[in-house]
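Undergrad: heads up, no residue letters with this:
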């Protein structure tokens, strides 16, 4: 079925079944490979993107669920003011170890800060909880989210 999607501010026509996961459209059809495949079961968050401004697991989001909502991936994170702050905080806080989960972590952090520009420590823990980091970089991730929030003030 032919569908038109708005991804990172651009229109894309794709011919896929309605139940095709957004992750496969992004990676295999549109070649936007910044969004990672981690578990395929919605358990790790490596595939986190924004759909209509909400953080979503792309592996668990069927194309038919996207509808007319805009999809934003890690490739366009820098186009958002909060995205720029988060990415800079990630670098300055030296978050990355292996880096595989980091696109999803960054997209989750952006969504958190868009909804709550001044989160408490508990808000950060709760907001980032759906995404896992196999390297255990949680203290650095938390610190980077805190830095990004404080930079806005």
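TA: Done, it's in. This one's a predicted model, so the numbers in the text were calculated from it and none came from an experiment. Numbering: from 1, shown residues only.

Undergrad: Report the outermost residue of the chain with respect to its centre.
TA: If you look at how far each residue of the chain sits from its centre, by C-alpha atoms, centre = their mean, the farthest one is residue 1, at 26.2 Å.

Undergrad: who touches that residue in this structure?
TA: Contact analysis of residue 1 by C-beta atoms under 8 Å, 6 or more residues apart in numbering lists 15-18. The way it works is simple: take the backbone N, C-alpha and C, and place the C-beta from them, glycine included.

Undergrad: Save the residues you listed as TSV, and put in distance to residue 139 and secondary structure too.
TA: Output for the contacts of residue 1, formatted as TSV (distance: C-beta to C-beta, whole Å; DSSP: H, G, I helix; E, B strand; the rest coil):
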residue	distance to residue 139	secondary structure
15	45	strand
16	40	coil
17	42	coil
18	41	coil
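
Undergrad: Now, of these, which are buried?
TA: Using 16 or more other C-beta atoms under 10 Å as the burial test, the contacts of residue 1 include residue 16 as buried.

Undergrad: Give me the three-state assignment for the residue nearest the centre of the chain.
TA: The centroid of the chain falls nearest to residue 107 when counting by C-alpha atoms, centre = their mean (2.7 Å). What DSSP: H, G, I helix; E, B strand; the rest coil gives for residue 107 is helix.

Undergrad: and what of the one 10 residues further on?
TA: Reducing the assignment at residue 117 to three states with three-state DSSP gives coil.

Undergrad: so what does the helix or strand residue 84 falls within touch, helix or strand wise?
TA: Using DSSP states H and E, residue 84 falls within helix 81-92. Under the contact criterion of 3 or more C-beta pairs under 8 Å, 6 or more residues apart in numbering; DSSP states H and E, helix 81-92 touches helix 102-115, helix 138-151.

Undergrad: Pick the most buried one from those.
TA: Ranked by mean neighbour count, these are led by helix 102-115 with a mean of 24 (mean count of other C-beta atoms under 10 Å).

Undergrad: got the domain boundaries for this protein?
TA: 2-75, 77-151 (automatic domain parsing).

Undergrad: tell me the contacts of the nearest residue to residue 43 once chain neighbours are set aside?
TA: Distances taken as C-beta to C-beta, 6 or more residues apart in numbering place residue 132 nearest to residue 43, at 7.5 Å, with adjacent residues excluded. Taking C-beta under 8 Å, 6+ apart, we find residue 132 in contact with 43-45, 101.
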